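[1] the sequence isn't on hand, but the structure is:
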């Protein structure tokens, strides 16, 4: 784990140069382009005009990763880069010259989380040393779709080990294989998890877009903490085949991007049959949005940002129903956890059994034994009590599992989100996504603060949830969430787009060492 001092590692002039033009000029086969905050459309325009090539853009991103993720501020968001990335990019350039364009991601560098199988020279480990030298036998379904769309798979991102389902005292963004990912806005702050590496890397412009996964909060929380658009879609819209699981009743992959348009575009590639909405800036006029006040109250400063966000929604023509609290919040957490324990054991054992002969560890029990035998490397800060609880669970035919699943689904869905939408005739629910990022603390683990997070209702119900940057508290980003009923994904992205365009709240990170600190090289 690289913990080098940022102040001594890079000067102000060098940082600016690294942020903008990190690859050596001679390495790029075409002129360099601006990568900081670059969108898919920006890069496609550069390639279409001949200003840039996919190979040159890929090399620029790899240079930026070397300068800012591996060295410099050492964000540590990538667990490995793809040794074949430049070769893939050259192939996409050859196809472009021949008039063959696979789709809107043709030649665009993409990062995926290290719990998503890639059947190539990269590993798929969920951040665990147990799988660190054992490749997956084939691409996950979503990776097949990315490759077919012409994307350049740039690398794998670090994550909270086992998608943050090993210990109740864990530190988000830490894995035995990858070490600690840092928040690119303020380096001593946490990027949230478990898609921490995807959140930090896309925010820092180490790739154009990225893929995270969520069981409960693991897309929207790091997106909130890292100033991104994060989209957890309706359960089942994106195939989960080839993703290291926690629980099939809640797990989903989803886009993480710097703009709603890029998130929608990536979603259209990941989800068969999903059509990205037209993204009309006037689409909030007359839309009824319920304000879930139960998620306010974290701090006066945070609440002030959220009130400004609500004002922007009103100005855009939305009708705010305030308050419109979700009535069942707090009544299904225990049942949800029971479901996750049961499904984790069953789903993980099935996944490991299908990894093929290269994988030595075939069951959750095997992993528990590995962690115990390698405790100094795998458990220096927190244990594996969730693993130990899950391994004791029986099959999914047990009444305890069925009762917990029925209860949690009913309370989150029909008696939760659906109930408040029906009562107030709402189109969507809005609320703070979560509070500003906390200081990373390996001794005490995560501490989310008074703001908590709003992910559970949509996660348990399997409904869409999108977060959009809404502003900042002491330089730390915070997001506004839009949640809706099942299959309302396109509408949630449309509403998010209107808010994004009205506020333009996202700011690029500047890698400060601590809140309130001047730039270390200034």
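    Perfect, thanks for sending it. None of these values were measured; they are calculated from a predicted model.

[2] could you use CA atoms for every contact and neighbour count after this?
    Noted.

[3] quick check: end-to-end length of stretch 289-308?
    The first residue of stretch 289-308 is 15 Å away from its last residue (CA to CA, to the nearest Å).

[4] for burial, what's the neighbour tally of residue 422?
    By the criterion of other CA atoms under 10 Å, residue 422 has 11 neighbours.

[5] pretty sure it sits in a helix.
    Yes - counting by DSSP: H, G, I helix; E, B strand; the rest coil, one finds residue 422 located in a helix.

[6] gap between it and residue 143?
    Remark: distance between residue 422 and residue 143 (CA to CA) = 38 Å.

[7] for residue 364, same thing?
    Taking CA to CA, one finds residue 364 at 25 Å from residue 143.

[8] which strand or helix spans residue 156?
    strand 152-157 (DSSP states H and E).

[9] and that strand, how far out from the chain middle?
    14 Å (CA atoms, centre = their mean, to the nearest Å).

[10] list the strands paired with it, with their directions.
    strand 78-81 (antiparallel), strand 109-113 (parallel) (DSSP bridges).

[11] tell me who's in contact with residue 312.
    Going by CA atoms under 8 Å, 6 or more residues apart in numbering, residue 312 touches 499, 502, 503.

[12] so the second one makes contact with residue 316?
    Yes - between residue 502 and residue 316 there is a contact under CA atoms under 8 Å: 7.3 Å.

[13] which one of the two is surrounded by more residues?
    For residue 502 versus residue 316, neighbours defined as other CA under 10 Å are more numerous around residue 316 (20 against 15).

[14] sorry, back to before: among the strands paired with strand 152-157, which is nearest residue 180?
    For residue 180, the closest of the strands paired with strand 152-157 is strand 78-81, at 10.2 Å, according to CA to CA.

[15] mind showing which ranges of this protein have poor pLDDT?
    1-30, 450-452, 519-522 (pLDDT under 70).

[16] coming back round to it: after the strand holding residue 156, next one along is what?
    Note on strand 152-157: by DSSP H and E, the next helix or strand toward the C-terminus is helix 161-164.

[17] give me the residues contacting that following helix.
    115, 126-128, 170, 172-176, 193-195, 218, 246.

[18] select from those residues the one having the most neighbours.
    residue 195 leads these on contacts (other CA under 10 Å) with 36 neighbours.

[19] what sits against that residue?
    Residue 195 neighbours (CA under 8 Å, 6+ apart): 113, 158, 159, 160, 163, 173, 212, 213, 214, 218, 219, 222.

[20] do you know how far it is from residue 216?
    11 Å.

[21] same check, this time on residue 125
    In terms of CA to CA, residue 125 sits 20 Å off from residue 216.

[22] what about the host helix or strand of residue 342, distance to the chain center?
    Assessed by DSSP H and E, residue 342 sits inside helix 333-353. In this view, helix 333-353 has its centroid 21 Å away from the chain centroid, taken as CA atoms, centre = their mean.

[23] ok, and what's touching stretch 132-142?
    116-125, 177, 238-243, 270-271, 355-356, 358-359.

[24] out of the residues you listed, which are buried?
    The neighbour-count criterion (16 or more other CA atoms under 10 Å) marks 116-119, 122-125, 177, 238-240, 242-243, 270-271, 355, 359 among the contacts of stretch 132-142 as buried.

[25] may I see the buried residues of stretch 94-103?
    For stretch 94-103, a neighbour-count test (16+ other CA under 10 Å) marks 95, 96, 101, 102 as buried.

[26] quick one: terminal-to-terminal distance for it?
    With CA to CA as the measure, the ends of stretch 94-103 fall 15 Å from one another.

[27] same check on stretch 164-182?
    16 Å.

[28] cool, and stretch 70-77?
    End-to-end for stretch 70-77, by CA to CA: 9 Å.

[29] the residue of the chain most remote from its centre and residue 111, how far apart?
    What lies farthest from the middle of the chain is residue 98; by CA atoms, centre = their mean that is 34.8 Å. For residue 98, the distance to residue 111 equals 26 Å [CA to CA].

[30] for residue 52, same thing?
    Taken as CA to CA, the span from residue 52 to residue 111 is 20 Å.

[31] those two: who's more crowded?
    Set residue 52 next to residue 111 and count neighbours by other CA under 10 Å: residue 111 wins out with 27 against 21.

[32] thought the more buried one was touching residue 207?
    Yes - between residue 111 and residue 207 there is a contact under CA under 8 Å: 6.5 Å.

[33] got any residues that touch both of the two?
    residue 154.

[34] give me the contact list for stretch 438-458.
    169-172, 188-190, 216-217, 220-221, 295-299, 329, 381-382, 412-413, 416-417, 431-435, 437, 464-465, 483-484.

[35] give me the buried positions along that stretch.
    Going by neighbour count (16+ other CA under 10 Å), the buried part of stretch 438-458 is 438-442, 445-448, 451-458.

[36] name all residues that make contact with residue 339.
    By CA under 8 Å, 6+ apart, residue 339 lies in contact with 247, 401, 404, 405.

[37] how close does the third one get to residue 249?
    Relative to residue 249, residue 404 is positioned 12 Å away (CA to CA).

[38] compare the two and say which one has the larger neighbour count.
    The neighbour comparison of residue 404 against residue 249 (other CA under 10 Å) goes to residue 404, with 21 against 18.

[39] for residue 311, see how far away the nearest residue to the more buried one once chain neighbours are set aside is.
    Nearest non-adjacent residue to residue 404, counting by CA to CA, 6 or more residues apart in numbering: residue 335, 4.7 Å away. Going from residue 335 to residue 311 by CA to CA gives 36 Å.

[40] out of the two, which sits in the busier spot?
    Taking neighbours as other CA under 10 Å, residue 335 and residue 311 compare with residue 335 leading, 19 against 13.

[41] wait, that one touches residue 407, no?
    Yes - when contacts are counted by CA under 8 Å, residue 335 is listed as touching residue 407 (6.7 Å).

[42] quickly list what's touching both of the two.
    Shared contacts of residue 335 and residue 407, defined by CA under 8 Å, 6+ apart, are absent.

[43] buried sites along stretch 288-301?
    In stretch 288-301, the ones that count as buried by 16+ other CA under 10 Å are 288, 289, 290, 291, 292, 294, 295, 296, 297, 298.

[44] give me the subset of the buried ones among the contacts of stretch 132-142 lying in helices.
    Counting by DSSP state H, the part of the buried ones among the contacts of stretch 132-142 found in helices is residue 270.

[45] starting at the chain centroid, how far to stretch 302-316?
    24 Å.

[46] now swap in stretch 109-117 and tell me
    On CA atoms, centre = their mean, the centre of stretch 109-117 falls 10 Å from that of its chain.

[47] what's the span of it from first residue to last?
    For stretch 109-117, the end-to-end distance is 17 Å (CA to CA).

[48] got the contact list for residue 432?
    295, 296, 306, 453, 454, 478, 479, 480, 481 are the contacts of residue 432 under CA under 8 Å, 6+ apart.

[49] residues in contact with stretch 343-350?
    Contact with stretch 343-350 is made by 244-248, 362-364, 390-391, 393, 395-396, as judged by CA under 8 Å, 6+ apart.

[50] list buried residues within the residues you listed.
    244, 245, 246, 247, 248, 362, 363, 364, 390, 391, 393.

[51] residue 478: what secondary structure?
    strand.

[52] hey, what's it bridged with?
    Residues in beta-bridge contact with residue 478 (DSSP bridges): residue 471.
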